[in-house]
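Below are the sequence and a predicted model for it; my questions follow.
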Amino acid sequence: MWLLLYTVEAAAIMSVMRSNPGKPFQELTTQLSGIPTLPRKIFPQSWTPMKEAVALTLAKSAAAASHDIATLSSTDAVAAAVLAAATTGDIADAQAIAAAAPQQLVAAPQGLSKQLEKTLDEIEAAAAGRIKAPEGPIKPKEHLKKQRLPKLPQQEESAKDKRSRRDKELRERKMYLKNFWYAAALSEKVKDKPVGVDILGTRLTLFRDEEGKVVAVDDTCPHRGAPLSEGWTVTDKKSGKKCVVCPYHGWSFDAEGKLRDVPSAEHGSWPKRPIIGSYDVEERGGFVWLFYGSKSLPKEERPPIPFTPELEDSKWRAVYGEIEFDAGHWGVFENAIDMAHIHYLHADSFGNAEKPKVMEMKSTRDTWETTCNFRIHNKPMNKMWEWTSVPSVPVEAKAMLPSTSAVNIELAHGVKMITFVNTVPINENKAINRFCLIRNFALNPAFDFMARDNMYKILGEDKVMVDKLAPERLNVEYSLAPDMPQIAFRQLRQEWIDIGYGVPTEKEMPRRGLLPEECC
């Protein structure tokens, strides 16, 4: 097949030479270089490896074909004479032979593969200006070795493409994930009065209905834009439903967003349909979970609420809290599953800068979460904790979509603790950690303040650094083996974004209500 392709190339070359008997060599080669023959289209960059293969494959054929030119047909003889002259570098002589017999130059003779590949090589190279035309006879192998055409360098990613790829990466990292559950509040904070919550680029009002269940509606009254969260709740006399009352003109709304009373207007003169957004919420494990997605999505098809069974186990005790960060949710969340930083940010508490290695890292995942198991060296926080000291601490770090972490550590004498942290976007540039510290020892409520204070101390140390992180200044982030928890979660999250679950931030896609209309 290869020899046939070269024969086609040779025929094209001979045709040009036949049509231009008097043209100078440089002009002729320039014209030859532009011929769009099939071999050039198939092998446009480097011919040499193909020619070497032809020379090896047809070694026996070439030997058998080296018979006297006189035994060839008239057509083969003329073509062979032209190739022989070109092989010795006598291009003028080749042109003269071609001009003398223009009707006979229609194809290359069979069996002259070595001369053919050398001639094609020289003509192509001279026409492209890459190598100097040969001045004398050169053996085919020597020619291939000394005059090999330079390989074209692989095209590198341009600086513009790198910036574009990085910009896309950062943009998607900022996105919120729709059709997932976010911890909108601590259950203990939603009581009789409405509670305003800044979340996912908007603001909601939470209150409890007539049955004591938490409900969520838009915070902005549709009358003149007053904040409903600064109002109060009443029970509508006609429907018996608990409503939130606007503090500006007294309009009241039920859990479905329907207007139930306008004190200054006649009953029945207002819209009957919901006129403010209402959203699905559930309470579990001491948190109020907001479903950030379409209400039409069946409950059985929704992702699970992030959870760890110890939250509802009487053999464990949890303390709750929350702390805001002046940083995007992605950096705040990844800090919670970053184990390599604890030896430095928390060196004066439980970190151990003298033994900072993260050991025996293993990672698994499923549809909704990633799990990393490893061991670290820590140190007792103070003398009181020395009885829990172990040579190394086994750690299990779970990262659950959309942004919940559960880090489980085990110390001596069966002492276990779990930090359960829900990182919730407030907006593109702010986030809040709603957390609990769960323990299986010292279950008396009298010890709660100690556990809570320790958690605030640790998160406060994190905040000082996380608020200063500036990944947008980097063209690329370098990660190593200890970063496996973050990398594994990034990959899982990206898969969901790639199938359409990413929602641009309110800065990129302004909205009225919880979700942009384009994403509903």
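The structure has been received and is ready for your questions. Residues are numbered from 1 along each chain as shown.

Check which residues of stretch 303-310 are buried.
Buried positions in stretch 303-310, judged by neighbour count with 16 or more other CB atoms under 10 Å: 303, 305, 306, 307, 308, 310. C-beta coordinates here come from the backbone N, C-alpha and C atoms, glycine included.

In strands, which of these fall?
Applying DSSP state E to the buried residues of stretch 303-310, no entry is found in strands.

Specify which member of those is nearest to residue 513.
Proximity of the buried residues of stretch 303-310 to residue 513 (CB to CB) peaks at residue 303, which lies at 21.4 Å.

what residues are up against residue 278?
Contact analysis of residue 278 by CB atoms under 8 Å, 6 or more residues apart in numbering lists 215, 216, 217, 218, 255, 256, 257.

One more: residue 448?
Taking CB under 8 Å, 6+ apart as the test, what residue 448 contacts is 317, 319.

again, only this time at 10 Å
Residues in contact with residue 448, defined by CB atoms under 10 Å, 6 or more residues apart in numbering, are 317, 318, 319, 320, 437, 439, 442.

coming back round to it: make JSON lines out of the buried residues of stretch 303-310 and add pLDDT and distance to residue 419.
Formatted as JSON lines, the buried residues of stretch 303-310 follow (pLDDT from 0 to 100; distance: CB to CB, whole Å):
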{"residue": "303", "pLDDT": "96", "distance to residue 419": "22"}
{"residue": "305", "pLDDT": "98", "distance to residue 419": "18"}
{"residue": "306", "pLDDT": "98", "distance to residue 419": "13"}
{"residue": "307", "pLDDT": "97", "distance to residue 419": "15"}
{"residue": "308", "pLDDT": "96", "distance to residue 419": "10"}
{"residue": "310", "pLDDT": "97", "distance to residue 419": "11"}
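
Mind naming the longest strand for the chain?
Longest strand of the chain, by residue count under DSSP E: strand 416-427.

how about the CA coordinates for that strand, as PDB?
Coordinates of each C-alpha in strand 416-427 appear next as PDB, following Å, rounded to 0.1, in the frame of the first residue of the first chain:
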ATOM      1  CA  LYS A 416     -14.500   9.100  70.000                       C
ATOM      2  CA  MET A 417     -15.400  12.500  68.600                       C
ATOM      3  CA  ILE A 418     -17.100  13.600  65.400                       C
ATOM      4  CA  THR A 419     -17.100  17.100  63.900                       C
ATOM      5  CA  PHE A 420     -20.200  17.400  61.700                       C
ATOM      6  CA  VAL A 421     -19.900  20.600  59.700                       C
ATOM      7  CA  ASN A 422     -22.300  22.000  57.200                       C
ATOM      8  CA  THR A 423     -20.800  24.700  55.000                       C
ATOM      9  CA  VAL A 424     -23.600  26.900  53.600                       C
ATOM     10  CA  PRO A 425     -23.100  29.600  51.000                       C
ATOM     11  CA  ILE A 426     -24.500  33.000  52.200                       C
ATOM     12  CA  ASN A 427     -23.500  34.500  48.800                       C
END
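
Which strands or helices does the helix or strand that that strand is followed by pack on?
Heading C-terminal from strand 416-427, the first helix or strand you meet, by DSSP states H and E, is strand 430-439. Identification of packing neighbours for strand 430-439 by 3 or more CB pairs under 10 Å, 6 or more residues apart in numbering; DSSP states H and E yields strand 180-186, strand 195-199, strand 287-292, strand 317-325, helix 329-336, strand 404-410, strand 416-427, helix 448-466.

Low-confidence regions, this structure specifically.
Within the chain, the stretches with pLDDT under 70 are 1-156, 379-383, 386, 518-520.

re the thing from before, next step: the buried residues of stretch 303-310 restricted to helices.
Nothing among these maps onto helices, per DSSP state H.

Show the contacting residues for residue 168.
So residue 168 contacts nothing (CB under 10 Å, 6+ apart).

Name the residues of the helix or strand hosting it that come out as buried.
For residue 168, the host element (DSSP H and E) is helix 159-174. For helix 159-174, the neighbour count (16+ other CB under 10 Å) marks 166, 172, 173, 174 as buried.

tell me which of the contacts of residue 448 is nearest to residue 244?
Distances from residue 244 to those, taken as CB to CB, are shortest for residue 320 (24.4 Å).

right, and the closest one touches residue 287 too?
Yes: using CB atoms under 10 Å, residue 320 is in contact with residue 287, at 8.2 Å.

When these two are compared, which one has more neighbours?
The neighbour comparison of residue 320 against residue 287 (other CB atoms under 10 Å) goes to residue 287, with 28 against 20.

Backbone torsions only: list them for the nearest residue to residue 356 once chain neighbours are set aside.
Leaving aside its sequence neighbours, residue 356 sits nearest to residue 343 (CB to CB, 6 or more residues apart in numbering; 4.1 Å). Note on residue 343: backbone dihedrals following degrees, to the nearest 10 are phi -70, psi -10.

List the buried residues in the longest strand of the chain.
Quick answer for strand 416-427 (16+ other CB under 10 Å): 417, 418, 419, 420, 421, 422, 423, 424, 425, 426, 427.

just to revisit the earlier point, check the contacts of residue 278 for burial and list the buried ones.
Applying 16+ other CB under 10 Å to those flags 215, 216, 217, 218, 255, 257 as buried.

Just name the closest of these to residue 469, please.
residue 216 (30.9 Å).

Show the contacting residues for the nearest residue to the closest one once chain neighbours are set aside.
Among residues not flanking residue 216 along the chain, residue 279 sits closest, at 4.5 Å (CB to CB, 6+ apart). Contacts for residue 279 (CB under 10 Å, 6+ apart) come out as 184, 204, 206, 215-218, 257, 290-293, 295, 513-515.

Contacts only, for residue 177.
Counting by CB under 10 Å, 6+ apart, residue 177 has contacts 200, 292-293, 303, 401-403, 425, 493, 496-497, 501-503.

Now which of those residues would you call buried?
With burial judged by 16+ other CB under 10 Å, the buried subset of these is 200, 292-293, 303, 401-403, 425, 493, 496, 501-503.

out of those residues, what pair is the most spread apart?
Within those, 303 and 425 form the most distant pair, 16.9 Å apart (CB to CB).

Format the buried residues of strand 416-427 as TSV; extra columns: distance to residue 195.
Output for the buried residues of strand 416-427, formatted as TSV (distance: CB to CB, whole Å):
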residue	distance to residue 195
417	29
418	27
419	25
420	21
421	21
422	17
423	20
424	14
425	18
426	15
427	18
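
closest to residue 509 among those?
The closest of the buried residues of strand 416-427 to residue 509 turns out to be residue 427 (CB to CB; 12.6 Å).

Would you check that that closest one makes contact with residue 202?
Yes: using CB under 10 Å, residue 427 and residue 202 qualify as a contacting pair, with a distance of 8.7 Å.

got any residues that touch both of these two?
Joint contacts of residue 427 and residue 202 (CB under 10 Å, 6+ apart) are residue 506.

Can you point out the buried residues in stretch 342-354?
Applying 16+ other CB under 10 Å to stretch 342-354 flags 342, 343, 345, 346, 349, 350, 351, 352 as buried.

Would you point out the most distant pair within the residues you listed?
Using CB to CB, the pair of those lying farthest apart is 345 and 352, separated by 12.5 Å.

how near is the closest residue to residue 189 other than its chain neighbours to residue 285?
Of all residues not flanking residue 189 in the chain, residue 195 sits nearest, at 6.2 Å (CB to CB, 6+ apart). Applying CB to CB, to the nearest Å, the value for residue 195 to residue 285 is 18 Å.

returning to what we had before: need the buried ones from the contacts of residue 448 selected in PyMOL.
The following PyMOL line selects those of the contacts of residue 448 that are buried, judged by 16+ other CB under 10 Å:
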select buried, resi 317+318+319+320+437+439
